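> Build me a model:
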Amino acid sequence: MKILAEILHLYGFIIMHSSGQSLTLSSNFIKQGHISDTTDLCVFAVNTLEIKSLRECALYCGMNFLCNAFDFCLLGGVFSCRLRYGRAKLSNTTTQCELYEITTNKDCPDGFFLRSQGICKNNNLALHSPTTMSSVFADPVYAFQRLGNGSLAVNGEVRPDDTECAVTNEDLYPFLTIDLLDRFHVGRVVFTNRKTSELRLHDLNVTVGTDGTNFGCFCGFFKGPGTSHQVVNMTCQETCRGRYVRLQIVSGREFLQLCEVEVYSKCK
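Residues are numbered from 1 along each chain as shown. Coordinates of the predicted model:
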């Protein structure tokens, strides 16, 4: 019991009563209300509890750096703990699942707190995320247009004068990869084409991977060719859980040019 208490204290989520017999949630968690008793995509892990133990559920969440909330449930006579990230949709009716949310989420009104990185993530998961490209277009003749690295595609801006776009050289199968910093259920990818040379955007695969090398989950395909400043709103054809999103032209040599890329989870 002493070892368990020390672990809980380390994560700062639970405190022990002076009697040493019971544990209660500290101010780091707040009970939000009841949620649906059906599993949704915001839940990334489910743990069956042998006894009714709120402390054990909080410990599971505290030890997982993606978790920022958990559901404490009694379903079919079995207690369970469901770990989640993002926002949960509360139910208007009383169910046997209660939502407990880490209070630091309240500091991120436009998204949620990503504990693994200690930062707020906007609902647009790609915003200001790290990127890599097959190459970076660096022709000095076009330096005035600020055509460059992938950070320009995740800065939250699309300029009407067609500047600040991420552009590769004329590569064989050029790509842009975005690191979301943790694994998410990717549900939608939105990308914006350049105003000029717009026909270069075509035969674009959007895939999701877990390690930055293998992208085994297929989100969608844009045949193109693109139109001027076209915004493509792509809903993934299958549920993809991963950390890295890759946009890649798969038809041969081409310039990949993207003025903005947004990534959204199915979890709100």
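
> Helices of the stretch 51-200 of the chain, start to end?
Taking DSSP state H, counting those that start in this stretch, the helices of the stretch 51-200 of the chain run over residues 54-62.

> Show me the shaky parts of it.
86-87, 104-107, 109, 140-146 (pLDDT under 70).

> what ranges do the strands span in it?
Secondary structure of the stretch 51-200 of the chain (DSSP state E, counting those that start in this stretch): strands at 69-75, 78-84, 97-102, 111-114, 119-122, 131-133, 147-148, 165-167, 171-172, 175-192.

> quick one: the third one to strand 69-75, angle?
Using axes from the mean of the first three to the mean of the last three Cα atoms, to 10 degrees, the interaxial angle of strand 97-102 with respect to strand 69-75 works out to 160 degrees.

> helices or strands up against strand 97-102?
strand 29-34, helix 54-62, strand 69-75 (3 or more Cβ pairs under 8 Å, 6 or more residues apart in numbering; DSSP states H and E). Yep, even glycine has a C-beta here, placed from its N, CA and C like the rest.

> That strand pairs with which strands, parallel or anti?
strand 29-34 (antiparallel), strand 69-75 (antiparallel) (DSSP bridges).

> State the mean pLDDT of the first one.
Read that as strand 29-34. The average of the pLDDT scores along strand 29-34 is 83.

> one step back: tell me which of the strands paired with strand 97-102 lies nearest to Phe44.
Phe44 sits nearest to strand 69-75 of all the strands paired with strand 97-102, at 10.8 Å, using Cβ to Cβ.

> quick one: the host helix or strand of Val261 to strand 175-192, angle?
Per DSSP states H and E: Val261 is located in strand 260-265. Relative orientation of strand 260-265 versus strand 175-192 (the same axes, to 10 degrees): 90 degrees.

> any chance of the helices and strands packed on strand 97-102 in TSV, plus distance to Arg84 and mean neighbour count?
Below are the helices and strands packed on strand 97-102 laid out as TSV (distance: least, Cβ to Cβ, whole Å; neighbours: other Cβ atoms under 10 Å):
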stretch	distance to Arg84	mean neighbour count
strand 29-34	12	15
helix 54-62	9	22
strand 69-75	5	22
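
> now these as JSON lines including distance to Asp211?
Listed next are the helices and strands packed on strand 97-102 as JSON lines, based on distance: least, Cβ to Cβ, whole Å:
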{"stretch": "strand 29-34", "distance to Asp211": "32"}
{"stretch": "helix 54-62", "distance to Asp211": "24"}
{"stretch": "strand 69-75", "distance to Asp211": "26"}
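
> So which of these is nearest Thr207?
Closest among the helices and strands packed on strand 97-102, using Cβ to Cβ: strand 69-75, at 28.6 Å.

> So which residues make contact with the closest one?
With contact meaning Cβ atoms under 8 Å, 6 or more residues apart in numbering, strand 69-75 is reached by 32, 35, 37, 43, 52, 54, 57-58, 60-61, 79-85, 88, 96-102, 105.

> Now do the contacts for Asn233.
Listed by Cβ under 8 Å, 6+ apart, the contact partners of Asn233 are 188, 190.

> And for the one 3 residues further on?
Residues touching Cys236, when contacts are defined by Cβ under 8 Å, 6+ apart, comprise 186-189, 206, 208, 219-220.

> out of those, who's nearest Phe175?
For the contacts of Cys236, the nearest to Phe175 is Val206 (10.5 Å; Cβ to Cβ).
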